[in-house]
Structures are given as C-alpha cells and as structure tokens.
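# Quick one: sequence and predicted model below, then my questions.
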Amino acid sequence: LPALAALASTMIFALVRLRLTDHHVRARVDPSTGLPNRLALEESLRDRPQVQVVAAVIARFDDIAASLGSEGTAQMVQRIADRFRLAAGDGAIYRLEDRVLAWDSAFLSAAELHDALDGLRSVMHNPVEIGGRRIDVTVAMGIASDAGEAAAHAIGAATAAASHALAEGVPWLRSDKAHV
C-alpha cells in the first residue's frame, strides 16, 4: 500500500509538472500562428549587455484581416514572417501584437541592417498569396537599441518607431526618429 501511494503521488507530480511546462511554452507562443510572442522575445533578450530590435507594423491590418478571416490572416502573418527571416538571418520572428512582428537584430552592424531592410523592402513589393488570392501587404519598420536589461523598452520603442514610420509614409525609422 505505501508503494502504491508513492507511485500515485509520483504520477500526480509528473502530470502537474507536465501541465506547468506546457503552460510555460503556450504562454510564449501566439496561438493562431505558432510564432513566438512578446514574452518570448523579452526572455530571449534578457541578460544581454545590448539589444537591437526591429519591429514591423502591417498597414491596413484590420481591412486585410476582415477580408481574409482568421485562418487566412494567420497564413498571411506566417508568410510575412517567412520573408522577414531573410533580414533576421533565419532568426526567430516574434508576433508582438496582431499587426506587429519583430526580431532581434543585434548581430547586424548599421550597414548590414540598412542592407537587410533594403532587401526586405524589395521583397515586400511582391504580393502575399493566400488561398489563391494575391494580397498587397505594406509594412513600416522601426529600430530601437537599448541596454539588455531594458529589452521591454527597446521593444516598445521599436514598435512606436514603426508606427511613426507608417504614419509618415517612410519605410523605417529609428526610435530617435532619424532615418536609417
């Protein structure tokens, strides 16, 4: 009987641990696209002496999403993320909000980042195909750098810079509003 009780408590402990691990993973993943989310980006940047983040805002997101539906929108976001991986050096692309994607660009020099964003801008001129439909997608990007302990600030500043770039009709802005 004591052995059975020990076995039962071990199994319960294992199930609780599995549930907690599963919850930990799901909390860091966007459920509709499977992309890592803001929390995952913040964690990946933690403990770095310096961070540099590029955020991209998808223009007309609500209109496009309304015409595509939730599954089509998720596919569109995934296809845009695939294109962004070219600039991110095959690094992770994070979905921060429904219309905002981001990546860690700390490994790029200013010149390399400029070239990567130019290349990405060219790639984004091609429509994204979703279910046989060709969708023109425009993005504006923002870049921010900060100390590693201020990763959340850099993410917010990059997102704000991307929103400003979209409003100003320019492809990208640094968080200090100077063009790259």
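Received, thanks.
# any idea which helix is longest in the chain?
helix 61-87 (DSSP state H).
# Pull out the buried positions in that one.
Using 16 or more other Cβ atoms under 10 Å as the test for burial, helix 61-87 gives 61, 64-65, 68, 72-78, 80-81, 83-84, 87. Bear in mind the C-beta positions are built from the backbone N, C-alpha and C, glycine included.
# I'd like the distance from that helix to the chain centre, please.
Centroid displacement of helix 61-87 relative to its chain, using Cα atoms, centre = their mean, to the nearest Å, is 12 Å.
# pLDDT on it, on average?
Per-residue pLDDT over helix 61-87 has a mean of 95.
# measure the closest residue to Leu35 other than its chain neighbours to Arg79 for me?
Of all residues not flanking Leu35 in the chain, Arg95 sits nearest, at 4.3 Å (Cβ to Cβ, 6 or more residues apart in numbering). For Arg95, the distance to Arg79 equals 13 Å [Cβ to Cβ, to the nearest Å].
# could you pull out the strands for the chain?
Along the chain, the segments classed as strands by DSSP state E run 50-58, 94-97, 100-104, 128-130, 133-135, 139-147, 172-174.
# closest to Pro31 out of those?
Closest to Pro31 of those is strand 94-97 (Cβ to Cβ; 10.0 Å).
# Distance from that closest one to the middle of the chain?
4 Å.
# Can you tell me what sits against it?
With contact meaning Cβ atoms under 8 Å, 6 or more residues apart in numbering, strand 94-97 is reached by 30, 33, 35-38, 40-41, 55, 77, 81, 101-103, 155, 159.
# Beta-bridge partners for the residue nearest the centre of the chain, please?
Taking Cα atoms, centre = their mean, the centroid of the chain lies closest to Tyr94, which sits 2.0 Å from it. For Tyr94, the beta-bridge partners are Ala102 (DSSP bridges).
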